[in-house]
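*Asks:* Give me coordinates for this.
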Amino acid sequence: MIGPNSLWHQPRFLALWLGSFLSALADSAYFIVLAWFVLHLTHSPGDLGVALLLASLPRLVFMAIGGVVIDWLSPRAILLASLLLRAAILFAISEYASHGLVQVLPVDIVALMFGVIDAFYWPAQSAIVPFAVSSSHLARANAVIQTTQQLSMVLGPLIGGLLLQIPQFSVIFAVIATTYLLGLIAIVRVQLRTVNGGTSRSQGLVAGLVQGIRYVLRLRIVLFLMMASMLINLFFMGPANIGLPTFVQEHGWAGSIYGYFESALGLGAVVGGLAVGVLNGMRGHFRWIALTASGVGVGLAATSLVRTWYLGIMTISISGLAISFTNIPMMTYVQTIVDEEMLGRVMSLLTLMSVGLTPVSYALSALAIHRHLLSPQALMFGGGSIVAILCAALIFQRDFREMENHPRWQQTGLEKRSNGRETLL
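*Replies:* Numbers count the residues shown, from 1 in each chain. Take a look at the predicted model:
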């Protein structure tokens with residue numbers, strides 16, 4: 001039931017959700033169109049690899065510094081600037097394409113610029129939620145936004161495919177740019193509450209970054225979660241994104257079947273996000289997260305053992321379900337216990353740690369398959385099993401078992417109870 005105190009009756013959240021959804025939808029469509037455009041120009045998978053590399057490297061270089069800038073300005077200012085720049089860049093490439101662009105260099109520059117923007121955008125996306133909703137709605141707000149982003153990963157490629165039926169790439173890029181502008185218009189309506197004791201701009205980027213790192217080192221549980229996230233991504237991302245398509249190909253299944261696997265992973269995450277929202281972010285049941293996190297690896301390992309594709313899309317959906325049951329509660333927890341003036345830097349470092357080893361995971365997985373060190377099945381089973389074991393072992397870590405005893409987490413729980421029975425989403 002939707003009551004007057006529900007999340008959807010908070011105008012700041014509604015505008016934030018709409019802007020986030022439009023931006024995520026445009027992102028998903030953009031990457032599909034970019035890949036196809038590069039292949040259209042060069043017919044070279046190597047050139048596509050270069051473009052993807054240029055899009056990913058700036059995130060590693062600038063993401064930590066981006067957190068300092070977020071704390072200097074505000075997450076809202078960073079989101080607005082990011083959306084405006086994305087739209088401007090795509091309108092520019094649309095103009096180039098309308099004049100018969102035949103060189104891949106401008107496209108590589110676009111990929112590089114988007115990578116730089118992403119280094120600021122994604123931490124700001126995570127940092128803005130606590131300033132847009134009350135603490136009593138934070139878990140459900142994260143659940144809704146994360147679920148919507150997962151949904152965009154299902155819908156975005158479909159929209160990208162439909163756009164690619166348009167013969168003029170200039171029109172396609174203009175449509176995606178317009179979608180970014182619509183997201184910007186929505187975010188403009190988001191008015192955040194002020195931050196007490198904001199970060200001084202006279203401090204300097206390096207000093208601000210060092211302060212953020214020292215802050216995380218003192219916050220043991222956040223440091224522990226960062227390290228766990230880094231290891232999980234190392235053993236999951238490569239086997240899932242390199243091993244799975246090769247596994248599908250070796251079984252002689254069509255490319256559309258691989259699309260079904262990816263859709264099942266996304267839909268599993270959507271269902272998981274909805275369930276986490278109903279369960280209020282797993283508050284009071286964080287010990288179960290060790291089990292749900294294990295499901296990320298279990299789903300991947302089980303998929304490697306299937307002999308029929310329709311059974312495989314069922315098992316891979318377990319990973320998607322478990323991702324939401326793990327990521328959303330952890331995101332809400334970090335947003336709750338971290339000082340507001342440090343939130344941008346902490347979210348940047350957390351995002352950096354989670355994606356930092358992704359290129360390494362891709363490279364090792366590709367090398368293992370290319371050199372016939374591991375079969376795709378063995379890679380998926382081994383990576384999934386390691387993730388399952390690492391996550392199950394979380395329950396033996398004292399900081400993890402006692403994380404809900406943090407004073408700020410306890411305080412928000414008391415505030416929620418003092419407000420009476422909450423209304424569902």
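*Asks:* Show me the shaky parts of the chain.
*Replies:* Residue ranges of the chain with pLDDT under 70: 1-5, 44-46, 48-49, 101-102, 193-203, 255-256, 356-357, 413-425.
*Asks:* In it, where's the longest helix?
*Replies:* Secondary structure of the chain per DSSP state H: the longest helix is helix 11-42.
*Asks:* in that one, what counts as buried?
*Replies:* Neighbour-count burial for helix 11-42 flags 12-34, 36-38, 41-42 (criterion: 16 or more other CB atoms under 10 Å). To be clear about C-beta, it is placed using only N, CA and C from the backbone, and glycine gets the same treatment.
*Asks:* Only the buried residues of the helix or strand encompassing P157, if you could.
*Replies:* Using DSSP states H and E, P157 maps to helix 138-163. Residues of helix 138-163 classed as buried: 138-157, 159-160, 163 (neighbour count, 16+ other CB under 10 Å).
*Asks:* Check which helix or strand N327 maps to.
*Replies:* Using DSSP H and E, N327 falls in helix 309-337.
*Asks:* Sorry, wrong one. I was asking about D47.
*Replies:* For D47, the enclosing helix or strand under DSSP H and E is helix 45-72.
*Asks:* before we move on, the earlier item: for the helix holding P157, packing partners?
*Replies:* For helix 138-163, the elements it packs on are helix 11-42, helix 105-132, helix 169-188, helix 255-278, helix 309-337, judged by 3 or more CB pairs under 8 Å, 6 or more residues apart in numbering; DSSP states H and E.
*Asks:* just to revisit the earlier point, and after the helix holding D47, which helix or strand comes next?
*Replies:* helix 75-98.
*Asks:* which strands and helices sit next to that next one?
*Replies:* Using 3+ CB pairs under 8 Å, 6+ apart, helix 75-98 sits against helix 11-42, helix 45-72, helix 105-132, helix 169-188.
*Asks:* run the last query once more with 6 Å
*Replies:* Applying 3 or more CB pairs under 6 Å, 6 or more residues apart in numbering; DSSP states H and E, we find helix 75-98 packed against helix 105-132, helix 169-188.
*Asks:* Point out the other elements, helices or strands, that the first one touches.
*Replies:* Read it as helix 105-132. helix 11-42, helix 45-72, helix 75-98, helix 343-356.
*Asks:* Likewise for the shortest one?
*Replies:* Helix 169-188 makes packing contacts with helix 11-42, helix 75-98 when contacts are defined by 3+ CB pairs under 6 Å, 6+ apart.
*Asks:* hang on, the earlier thing: out of the helices and strands packed on helix 75-98, which comes closest to T292?
*Replies:* The closest of these to T292 is helix 105-132. By CB to CB, the value is 20.0 Å.
*Asks:* what about the residue nearest to S20 when sequence neighbours are not counted, distance to G384?
*Replies:* Nearest residue to S20, sequence neighbours excluded (CB to CB, 6 or more residues apart in numbering): I145, at 5.5 Å. Going from I145 to G384 by CB to CB, to the nearest Å gives 27 Å.
*Asks:* likewise L158?
*Replies:* Distance of L158 to G384, given as CB to CB: 27 Å.
*Asks:* for A264, same thing?
*Replies:* From A264 to G384 the distance is 15 Å (CB to CB).
*Asks:* who's more crowded, the two?
*Replies:* It is G384, of A264 and G384, that has more neighbours when counted by other CB atoms under 10 Å, with 28 against 23.
*Asks:* before we move on, which element is the more buried one in?
*Replies:* Judged by DSSP H and E, G384 forms part of helix 376-392.
*Asks:* which parts of that helix are buried?
*Replies:* Buried residues in helix 376-392, counted by 16+ other CB under 10 Å: 376-377, 379-388, 390-391.
*Asks:* re the thing from before, check which helices and strands the helix holding N327 is in contact with.
*Replies:* Secondary-structure packing of helix 309-337 (3+ CB pairs under 6 Å, 6+ apart): helix 138-163, helix 255-278, helix 289-303, helix 407-418.
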